[in-house]
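Participant: prediction below, plus the sequence it came from.
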Protein chains: 2
Amino acid sequence: MAAENKKQDKREAILNAAENLFAKHGYDGVTLRAIAKEAGVDVALANYHFGPKRDLFDAVLLRRAQILNSWRLEALEATVQKAAPNPPEVKDIIRAYFEPLFKRSQVQEPGWKSYYALIAYVNSSPEWGGTLMTQFFDPMIHRFLAVLKTALPGVPDKSVYWGYHCLSGALTLAFAQTGRIDHLSNDLCKSDDLPDACDYIVDFVAAGFSDMIAASEKEAATL
Amino acid sequence: MAAENKKQDKREAILNAAENLFAKHGYDGVTLRAIAKEAGVDVALANYHFGPKRDLFDAVLLRRAQILNSWRLEALEATVQKAAPNPPEVKDIIRAYFEPLFKRSQVQEPGWKSYYALIAYVNSSPEWGGTLMTQFFDPMIHRFLAVLKTALPGVPDKSVYWGYHCLSGALTLAFAQTGRIDHLSNDLCKSDDLPDACDYIVDFVAAGFSDMIAASEKEAATL
DNA sequence: TTACGTCTTCAACAATTGTTGAAATTCTAG
DNA sequence: CTAGAATTTCAACAATTGTTGAAGACGTAA
């Protein structure tokens, strides 16, 4: 099995180096030579394995996307089944969305952390946020939103979508791990302590959604 | 006064072009030649007015930062005074933080929209998020957090800071205007309708903070 | 070993990058 | 109007960019 690894050694090394550097400096901030140097290979090898630079970028994104989607769908369906035939609690749905990202042992590896930062870069980029995220994550997210709606009867769709926008923004900024919250809070909060961030974000976001139920009941009462 | 404008015409044109392009493609995705072309001037002129590329980037950020800070501090102090001697309501504080960004007539100009997208880029960049945001916006934000804490008695600081992180993430993603929410919601929500986004985000975020009070009272009761 | 297909490196390309010094133009004060 | 300063353009630089074709090294099966 060491031989099996050896065979695709350099290919993986290129993906790892690209993942790390793209996450830190963005697509245009990274040269193929920088990637090759970090991976310990020649410049031309990246092109041999992945074609042009842009295709390497896509390959990096794709590598972990499916894994992530399956983890989260798994957690979501488990939550649905546990509560059946009733809809799950809002907070349990939110938890199923967040915890697979942060609470598995694997995701503490630097590779996953880089990948998360890369997702943050892509999701908040006007150039790619609208298209690439859709391409890789939409089916999972639509399932999530569908379940969420069952837990939010009477809440207008528009509120749910903007709520998801808030959720996604909070998650994206956590992914970015910029160190800004560290500064602001005098190191009370650490932006690279993702499991800790997860707990607080889940509570905050769940409250935002739960409040919609109260608001829509109030709305209905006034009619 | 037209002459007064004429004098700094090209300088401003360079700032506008740089703002627009940096917001769309990031720092490394933009060349000085692209900026010069969009501004209708020679490449060398950018260097003459602003020095190296990096300094031009800072100049773009700085131009509107002070204006923004003063608008928001003004709204915040008005909210504080109105409620005095009691602390303001959580939702009113959140409103004071968001509405100056979206509800003034000026900020519907494309220039401001580009600036917001640029802030989104900076804030979610691991390279600059930790330092540049601190440099330009920290005093205003610390004042905001101080007022927020008066409205959240008994809530642990850590919850407040992570709550601010969620708020900032939601705001940042709205700033980015990636069009993603449009896709997800079948155009029910439009990511470039910032005033609309503002209303929903304010409600969502205010609920997240308000829930902390209930949670901390519950916590206290069990001790 | 031999031969062959895959993987990797080497060397070089045309294009583009940020920056600069000198020339040309415009503005302004006397 | 004129001299001098500020602004703007022109032309060119060395360095770096993504990409490519040929040459070399490697693994594998006969």
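Facilitator: Arrived safely. Residues are numbered from 1 along each chain as shown, chains lettered A, B, ... in the order given.
Participant: just the buried residues of stretch A:36-56, please?
Facilitator: Counting neighbours by 16 or more other CB atoms under 10 Å in any protein chain shown, one finds that the buried residues in stretch A:36-56 are A:36, A:38, A:39, A:41, A:45, A:46, A:49, A:50, A:53, A:56. Yep, even glycine has a C-beta here, placed from its N, CA and C like the rest.
Participant: from what I see, the last one and residue A:50 are in contact.
Facilitator: The one in question is residue A:56. Yes. Look at residue A:56 against residue A:50 with CB atoms under 8 Å: they come within range, at 4.1 Å.
Participant: common neighbours of these two, please.
Facilitator: Contact criterion CB atoms under 8 Å, 6 or more residues apart in numbering or on different chains; residues shared by residue A:56 and residue A:50: residue A:14.
Participant: from the buried residues of stretch A:36-56, which is closest to chain B?
Facilitator: In terms of CB to the nearest CB, no member of the buried residues of stretch A:36-56 lies closer to chain B than residue A:53, at 12.8 Å.
Participant: pretty sure that closest one contacts residue A:32?
Facilitator: Yes. The pair residue A:53 and residue A:32 qualifies as a contact (CB under 8 Å) at a distance of 6.0 Å.
Participant: overlap in contacts, the two.
Facilitator: Common contact partners of residue A:53 and residue A:32 (CB under 8 Å, 6+ apart): residue A:46.
Participant: list the buried residues of the longest helix belonging to chain A.
Facilitator: With DSSP state H applied, the helix covering the greatest number of residues in chain A is identified as helix A:53-83. Of the residues in helix A:53-83, those scored as buried under the neighbour-count criterion (16+ other CB under 10 Å) are A:53, A:56-57, A:59-61, A:63-65, A:68-69, A:71-73, A:75-76, A:79-80, A:83.
Participant: so is that helix next to chain B?
Facilitator: No. Using CB under 8 Å from any CB of the partner chain, no contact is recorded between helix A:53-83 and chain B, whose separation bottoms out at 12.7 Å.
Participant: domains in chain A, as residue ranges please.
Facilitator: A:1-51, A:63-221 (automatic domain parsing).
Participant: after the lowest-mean-pLDDT helix or strand in chain A, next one along is what?
Facilitator: Among the helical and strand segments of chain A, the one scoring lowest on mean pLDDT, DSSP states H and E is helix A:2-7, with a mean of 44. Downstream of helix A:2-7, the first helix or strand assigned by DSSP states H and E is helix A:9-25.
Participant: name the residues that touch that following helix?
Facilitator: With CB under 8 Å, 6+ apart, helix A:9-25 has contacts from A:30, A:34-36, A:38-41, A:45-46, A:49-50, A:56-57, A:59-60, A:63, A:110-111, A:114-118, A:121, B:28, B:126-127.
Participant: could you tell me the angle between it and helix A:53-83?
Facilitator: Taking axes from the mean of the first three to the mean of the last three CA atoms, to 10 degrees, one finds helix A:9-25 and helix A:53-83 inclined to each other by 80 degrees.
Participant: how many degrees apart are whichever helix or strand comes after helix A:9-25 and helix A:9-25 in direction?
Facilitator: Proceeding C-terminally, helix A:9-25 gives way to helix A:32-39 as the next helix or strand, assigned by DSSP H and E. Relative orientation of helix A:32-39 with respect to helix A:9-25: 120 degrees, computed using the same axes, to 10 degrees.
Participant: near DNA strand D at all, helix A:32-39?
Facilitator: Yes. In this structure, helix A:32-39 sits against DNA strand D according to CB under 7 Å from any atom of the strand; the contacting residues are A:32, A:33, A:34.
Participant: which residues does the first one contact?
Facilitator: For residue A:32, the residues meeting the contact criterion (CB under 8 Å, 6+ apart) are A:43, A:46, A:47, A:53, A:56.
Participant: the last one too?
Facilitator: Residues counted as contacts of residue A:34 (CB under 8 Å, 6+ apart) are residue A:21.
Participant: what's the spacing between it and DNA strand C?
Facilitator: From residue A:34 across to DNA strand C, the span is 14 Å (CB to the nearest atom of the strand, to the nearest Å).
Participant: next one: the first one
Facilitator: Using CB to the nearest atom of the strand, one obtains 10 Å as the distance from residue A:32 to DNA strand C.
Participant: got the contact list for residue A:173?
Facilitator: By CB under 8 Å, 6+ apart, residue A:173 lies in contact with A:120, B:123, B:124, B:165, B:168, B:169, B:172, B:173.
Participant: what kind of secondary structure is the fifth one in?
Facilitator: So the one you mean is residue B:168. Taken by DSSP: H, G, I helix; E, B strand; the rest coil, the conformation at residue B:168 corresponds to helix.
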